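**Q** What shape does this take:
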Amino acid sequence: MTTLTALFARLQTSDEVLAAVVSLILTGAGFLILRLLAGRPIILWGDTSESHFLLPQNQASSPLSVHTRTIWFQNTGRAPADEVEVSLNYAPQHVEVFPHVPFERLHREDGRIILRFTRMNPKEYLMFNLFSALGPIPQITNVRFIGGNGKKVTYQPQRIFSRRVQVAVGVLILLGFATAVYLLIRLILLAM
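**A** Numbers count the residues shown, from 1 in each chain. Down below sits the predicted model:
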């Protein structure tokens, strides 16, 4: 405690110590600002639909059970994600990836499968369509990339309003924010 008191006393009397402390504070603040502004990849993924169909065959046999699932992957970050890996607990009968990008399938000894993509650019998305007539669709066990793991989110269909409505809502939000700032400034000035 006495060392801290002595440091504050010296800080008040010495311009050199004050300059050193201010430079450390500014360097730390600059580092934090650059860290917050630096782009990094963020992979979000989630199921959008899953279906089970009973397809009729001929009269003598039972219907064919078909399972499908659609999964979206999107890099919502501001930097590319390298070496994106999607791990499935077993190999599906068929995988369709859209848009068509090259990927490799890695089969592990324990029966799991890893789909590896070399790169996902910012704002890029991939849609997996999994199909199986032999049984249920496999589950995703992990999504990872160099620098982090993917985050599972809930996807659902959403209505897209016309451009006119989007602009009107944006203007109303901007006016509301400006009003809140104006009222805050008025409140601060009245308190003085």
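
**Q** quick one, phi/psi of residue 65?
**A** The phi and psi torsions at residue 65 (degrees, to the nearest 10) take the values phi -90, psi 120.

**Q** my guess is it meets residue 57, correct?
**A** No: using CB atoms under 8 Å, residue 65 is not in contact with residue 57, being 10.8 Å away. (C-beta placed from N, C-alpha, C; glycine too.)

**Q** in the protein, which helix or strand is least confident?
**A** helix 2-13 (a mean of 70; mean pLDDT, DSSP states H and E).

**Q** before we move on, back to that, ok, residue 65 and residue 57, which is more surrounded?
**A** Higher neighbour count among residue 65 and residue 57: residue 65, with 14 against 10, using other CB atoms under 10 Å.

**Q** For that one, which non-adjacent residue is spatially closest?
**A** Distances taken as CB to CB, 6 or more residues apart in numbering put residue 54 closest to residue 65, at 6.0 Å, once the chain neighbours are dropped.

**Q** One more: residue 45?
**A** Take residue 45 and drop its neighbours on the chain: the residue closest to it by CB to CB, 6+ apart is residue 73, 4.5 Å away.

**Q** what sits against that neighbour?
**A** For residue 73, the contact set (CB atoms under 8 Å, 6 or more residues apart in numbering) comprises 43, 44, 45, 84, 86, 120, 125, 126, 127, 128, 143, 150.

**Q** now do residue 47
**A** Residue 47 neighbours (CB under 8 Å, 6+ apart): 69, 70, 71, 155.

**Q** Relative to residue 164, which of those residues is nearest.
**A** Nearest to residue 164 among these is residue 155, at 26.2 Å by CB to CB.

**Q** what's the burial count for that closest one?
**A** So residue 155, with other CB under 10 Å, has 16 neighbours.

**Q** what do you get for the one 3 residues further on?
**A** Residues within reach of residue 158, counting by other CB under 10 Å, total 6.

**Q** Quick check: it is in a helix.
**A** No: counting by DSSP: H, G, I helix; E, B strand; the rest coil, residue 158 is not part of a helix but coil.

**Q** Now do the longest helix anywhere in the chain, average pLDDT.
**A** As assigned by DSSP state H, the longest helix anywhere in the chain is helix 163-191. The average pLDDT for helix 163-191 rounds to 90.

**Q** that older thread, nearest to residue 174, of the contacts of residue 47?
**A** Nearest to residue 174, judged by CB to CB, of these is residue 155 at 28.3 Å.

**Q** Please read off the pLDDT at the closest one from the model.
**A** So, for residue 155, pLDDT stands at 81.

**Q** now swap in residue 89 and tell me
**A** 91.

**Q** now it: how far from residue 176?
**A** Counting by CB to CB, to the nearest Å, the separation of residue 89 from residue 176 is 47 Å.
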